[in-house]
Every structure is written in structure tokens, then in C-alpha cells.
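Student: A structural model of the following input is requested.
(chains A and B)
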Amino acid sequence: MSDAPLLDVRGLQAWYGESHVLHGVDLAIREGETVTLLGRNGAGKTTTLRAIMGILGRRQGVVNLRGHDLLRLPLHRVAQAGLGYVPEERGIFASLNVEENLMLPPKVAEGGMSVAEIYELFPNLLERRWSQGTKLSGGEQQMLAIARVLRTGAKILLLDEPTEGLAPVIIQRIGDVLVTLKARGMTILLVEQNFRFARKVADRFYLMEDGRIVNSFAGHELDSHTSQLHDVLGV
Amino acid sequence: MTVETGLLTSQSKLRTSTALLGAIVLALLLAAPFFLYPIFLMSVLCFALFACAFNLLIGYVGLLSFGHATFFGGAAYITAHAVKVWGWEPLSGILLGATGAAILGVFVGFLAIRRQGIYFAMITLALGQMFAFICLQVPFTHGEDGIQGVPRGHLLGLLDLNHPLPMYYVTLAIFLAGFFAIWRIVNSPFGNILKAIRENEKRAVSLGYRVDRYKLGAFVMSAALAGLAGGTKAIVFQFATLTDVQWQMSGEVILMTLLGGIGTLIGPVVGAGLVIALQNYLAASDFPVTVLIGIIFVICVLLFRRGIAGEVMELLKRKAPQ
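Tutor: Numbering: from 1, shown residues only, chains lettered A, B, ... in the order given. Alright, predicted model coming up:
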């Protein structure tokens, strides 16, 4: 059980219209693991998540969740299979309030967090329960976007740059939340540019460049790879 | 904690003021036939319900149907036929009309929801025109004459609807039931999913919803409620004609909803009231009604795009703190 990956992506290719964006991405995540995709803007990190979720038009390759091929499923089934996607733009529905947004996604499995647990994890959301989706700050939106998939019982969290554009205090809060989720056994695929943030939670790193995975290493090996990271990420 | 209680009191305050407003409106509606011409009022109620049903689609799912006359007029024919030829009791005739409209809604919706935007509108328009042509040709609708002289009969065999007052109150009850149904739909979890689909369909799919089903569900509900309005109208006016199924009727309901305010519960009622009042009171004068409605429409689009009710509500929201 622990050896077979929960999510197995092999040779994933994807296109935006005519342009070929992913050229065969391979990555595997075991149950309970937190894996971070690093890479520069345009390397294909977001596209990888979108291709896994099927939001992208054309894709090829293998995306296996517990041995089931996700590429063949109709799109709405991908979330039902247990993938919780938190997009970069957060995807909060402006016409619904916080609680309605929270209750919107359908339950996909048992074992999701209860609403009380979620509000305990995100006290700000409890305070803002009746606020309209549009009136939230960026940090609150991010927390709501994460909170809403936690309730569904999704087994794997796909997080796209959860720290982007947020204040350091909020980034810290989100980091704490990820640590808590990890302790609860959640499997997380994190896309980040900020590897100082990612190192707190990541068990493993994948490095992406031009639509391919160019390297992968364990979390504790991050320091020995800093020169390559500086090279590839340009930081 | 203080934030919590503060929110609660402001919510309950809002609730009491809404209840108070509702009571006043209900009292006005109950008293209205003593001051205004009952047939005019019933006409407003029927069209208001029709517009509300249409608004359920455009306002809460973002689907612009250009063929809603099919459900309104189709139900009118079914009700008129059931009551006149088969001798059905009026309420069951109206409900049969609504059921018929729902079945038509399944067919039209099934084909139309596969496309979005202008294509959706065009498919509904085309199917609506086909239906209007069928209504012109089949024998039971009596072509150009329509079904005339539909007896109003006795509601459930008890209440004589030939008097204007009972007829008005029955129409009012049907309108309120339909309005309440729409209010419930919009404020249910189902309604929230509809709003999510309107806002971003792909996102709703990626959360795990099979959006086609929800769209079809909303379409059928809207068709059934439009049918409820059409069937009632057939009993009130005692006829069903081609006017009710033709595309001009589909256009009229769009106009009413736009004028009143898309996506507000009360907007379509206001819009229907305005359009019917203009048609009614200017019918005798030499001034062409359509020109006036056209002018009002242009002003509305240029100056208050949220519609009359939408604009008023926005104003109240801005005035209120928070």
C-alpha cells in the first residue's frame, strides 16, 4: 500500500490550442506525502495541475489514481474520485457568501472535515461567515478555497501557489494549516515558486522546466540543490 | 463574540423588515381588486409569474431562452382543451398545462443546454418556432381562431370562478405559490449550485458537479412554472391563441425581465406590471404602445442596467451601512 503511489502521472502531455505545453511529465505521490513542484513562470506547473484535473482541452499520457485512469473519466468525476483542486485564482464564487461557498462542493468521500473542524482551523472564516465572496481579502479567499475542498473528503489536495500575493503573516498561517493537514494524513501536491515556504512541508521536490520534470529530490536534500534551484528558478 | 451577535441582530432586523414589507404587499394585493380592474390585475399576475419563471433561467443560471412562449402558450392550449373539451375542473386543468409544459421543457432543454450563449438562444428560438407552427397546424388548437370560450367553471367544484373576485384570488394564490417555489429554489443548495454554474461553469465542473443535469433541472422547473402561468391565463381570459406561443411572446417576457431587473426576485414582477399597465392603459389612445415601450427599454439599458428593481435594491444597499 505504502509503496504503490496514490497518484501516478506518467508521460503527461498537454496542449493549449496548437501550442504543446507539457512534454511528458512524470511524477508519483504516495499516500500521506507532500510533494512540491518547483519551477519558473511558464514552466508548466499550473498546466500540470490543470491537466490532472482535466480542465485542459487536449492531453495525453497516464494519470492514475489508485490504479484508476483519470484521463478517461468525464470531468465532473475527477473531483468525485477524490482530487481537491485549489486553483491559483482561488475560484471563490462571488455571488455566494462564505458559508454557501463552503457548502457548495459535493461530498465525494467519507472522512472529510466537519464544518466545525473547518471553522476551528480557519477562525477568520467563522467571523466572515455571512460575507459575500467578493468582499474577502486575498488571504481569506485562499483559506476558503482550501477549506471548501477539505469538507468534501478529497484525498489529495492540489494547491496552486497558495502563497501568491499574500502578506507574510498569512503565508505563515497557511503554512501552519498545511502542516496540520499533513499531520492528519492528507496527500498534497503543491505548486510553489517560494521554496522557502515549501521546505516547511514538502517531503519531496520536483523541479520543472519547459514542460518537463528535470530533477527530483527529497526535502532534506534541498540545501545541496540550492545552486541548481537558483539556476532554474532564477532567484 | 460581539461580531457574531451583531451579525445576528442585523440579520434578524433584516428578517423582520422583510416580513413587514411582505405583509404590506400582501395586504395591497388582497385589496387591489377593489380599486383596480380585476382582469387587468390577473393579467399582470399571470405575466409576472411567467417573467419570474423566465428569470429563474436567465437570472440564476445565466441561460437566455428565446423560446419560453412554447411553455406559456403550450400550457394555455393544454389547459383550455382539458377544461373545454374534456370538461376538467379548472385547477386540475391548469396543473395539467404545467405538467405538459414541463414535458416540453425536458425535450427543448435536453437539446438546448448543450450549447451556451447565443447558440442556446437560437436553439430555443428555433424549437419555439417549430412548436408555434405545430400549434397552427394541428386540429385541436383550431389554427388562427384558437380555443375560444373556455368555461371558467367551479374551482374544485366549489368556488364559482365566473365572478371576478374569486377568480382574482385564485390567480393570486397561484402566483404566490409559484413565486414562493422560485424563492425556495433560488435559496436552496440547488440554487447555490445554479449560481455557481452561472458564474463559472468550468469551475463548478471541477468541483465535481455534472452541470448539464442541473441546467436541465432548472430549465424544466422554469418551463413548468411558465406553464403554470400560461394555464392560469387561459382560464382567466377564457381562450388560448397563437399569440401565446409565438416568438413575440418570448420577446415580451425577456423585455419584462430586463426592465424589472434580471436576477432579482421582484424585478420580473415590476417589469411585467409596467409593460402590462402600459399596454392596458394606452390601448385606447392613439399613441403606439410599442414605441413607448421601446423608448423605455432604451432608457433602461442606457441609464439603469440593473433594471428598475435591481437599481432600487442597489440604492438601498448603498444607503445601508456595511
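
Student: use CA for all of it now, contacts and neighbours both
Tutor: Noted.

Student: Can you name the residue of the stretch 101-250 of chain B nearest to chain A?
Tutor: Proximity of the stretch 101-250 of chain B to chain A (CA to the nearest CA) peaks at residue B:208, 4.3 Å away.

Student: is it true that that residue lies in a strand?
Tutor: No: Residue B:208 is assigned coil when assessed by DSSP: H, G, I helix; E, B strand; the rest coil, not a strand.

Student: Contact partners for it?
Tutor: A:75, A:76, A:77, A:78, A:79, A:80, A:105, A:106 (CA atoms under 8 Å, 6 or more residues apart in numbering or on different chains).

Student: which of the residues you listed has the most neighbours?
Tutor: residue A:79 (27 neighbours; other CA atoms under 10 Å in any protein chain shown).

Student: measure the residue of the stretch 101-250 of chain B closest to chain A to residue A:81 for me?
Tutor: Residue B:208 is 9 Å from residue A:81, where distance means CA to CA, to the nearest Å.

Student: hang on, the earlier thing: near chain B, list only the ones from the contacts of residue B:208.
Tutor: A:75, A:76, A:77, A:78, A:79, A:80, A:105, A:106 (CA under 8 Å from any CA of the partner chain).

Student: can you map out the helices along the chain?
Tutor: In the absence of a named chain, chain A is used. Here chain A has its helices, by DSSP state H, at A:45-53, A:75-80, A:98-103, A:115-121, A:123-127, A:138-150, A:168-183, A:195-198, A:226-233.

Student: wait, I meant chain B there
Tutor: B:2-31, B:38-60, B:69-84, B:90-112, B:117-137, B:164-186, B:189-199, B:201-206, B:211-237, B:247-260, B:267-282, B:289-303, B:307-319.

Student: residue ranges with poor pLDDT in chain A?
Tutor: For chain A, applying pLDDT under 70 flags the ranges A:1-3, A:235.

Student: Residue numbers of it in contact with chain B?
Tutor: So far as CA under 8 Å from any CA goes, chain A lies against chain B at A:53, A:55, A:75-80, A:84-85, A:91, A:93-96, A:100, A:104-106, A:127.

Student: okay, and the helix or strand of chain B with the least pLDDT?
Tutor: When each helix and strand of chain B is scored by mean pLDDT, DSSP states H and E, helix B:2-31 comes last, with a mean of 74.

Student: For residue A:26, give me its contacts.
Tutor: A:8, A:9, A:10, A:11, A:12, A:212, A:213.

Student: you'd agree residue B:155 is up against residue B:94?
Tutor: No: Residue B:155 lies out of contact with residue B:94 (CA atoms under 8 Å); the separation is 10.9 Å.

Student: wait, what's in contact with the residue in chain A that chain B sits nearest to?
Tutor: Here chain A gets closest to chain B at one residue, residue A:76, 4.3 Å apart by CA to the nearest CA. Neighbouring residues of residue A:76 by CA under 8 Å, 6+ apart: B:205, B:206, B:207, B:208, B:209, B:210.

Student: quick one, what contacts the closest residue to residue A:215 other than its chain neighbours?
Tutor: Leaving aside its sequence neighbours, residue A:215 sits nearest to residue A:207 (CA to CA, 6 or more residues apart in numbering or on different chains; 5.1 Å). By CA under 8 Å, 6+ apart, residue A:207 lies in contact with A:37, A:38, A:39, A:213, A:214, A:215, A:216.

Student: And the buried ones among the residues you listed, selectable in PyMOL?
Tutor: What follows is the PyMOL syntax for the buried subset of the contacts of residue A:207, where burial is set by 16 or more other CA atoms under 10 Å in any protein chain shown:
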select buried, chain A and resi 37+38+39+213+216
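
Student: now, among the contacts of residue A:207, which is nearest to residue B:18?
Tutor: residue A:37 (51.4 Å; CA to CA).

Student: is that closest one in a bridge, and if so with what?
Tutor: residue A:191, residue A:206 (DSSP bridges).

Student: just checking, it touches residue A:205?
Tutor: Yes: assessed by CA under 8 Å, residue A:37 is found in contact with residue A:205 at 6.0 Å.

Student: Grab the most central residue of chain B for me.
Tutor: residue B:50 (2.1 Å; CA atoms, centre = their mean).

Student: Report pLDDT for it.
Tutor: Here the pLDDT value assigned to residue B:50 is 95.

Student: and stretch B:56-68, which residues are buried?
Tutor: Neighbour count says stretch B:56-68 has B:56-68 buried, by 16+ other CA under 10 Å.

Student: Most widely separated two among these?
Tutor: B:60 and B:67 (17.4 Å).

Student: Could you count how many residues lie near residue A:156?
Tutor: Neighbours around residue A:156, by other CA under 10 Å: 27.

Student: no wait, residue A:69
Tutor: So residue A:69, with other CA under 10 Å, has 15 neighbours.

Student: And for residue B:302?
Tutor: Close neighbours of residue B:302, defined as other CA under 10 Å, add up to 9.

Student: ok, it to residue A:223 distance?
Tutor: Taken as CA to CA, the span from residue B:302 to residue A:223 is 62 Å.

Student: swap in residue B:148?
Tutor: 87 Å.

Student: which outside residues touch stretch B:21-37?
Tutor: By CA under 8 Å, 6+ apart, stretch B:21-37 touches B:38, B:41, B:165, B:168, B:169, B:172.

Student: what distance separates that stretch from the centre of its chain?
Tutor: Centroid separation between stretch B:21-37 and its chain, computed with CA atoms, centre = their mean, to the nearest Å, is 20 Å.

Student: buried sites along that stretch?
Tutor: For stretch B:21-37, by 16+ other CA under 10 Å, it's residue B:33.

Student: coming back round to it: more neighbours: residue B:155 and residue B:94, which one.
Tutor: Using other CA under 10 Å as the criterion, residue B:155 and residue B:94 rank with residue B:94 on top: 29 against 16.
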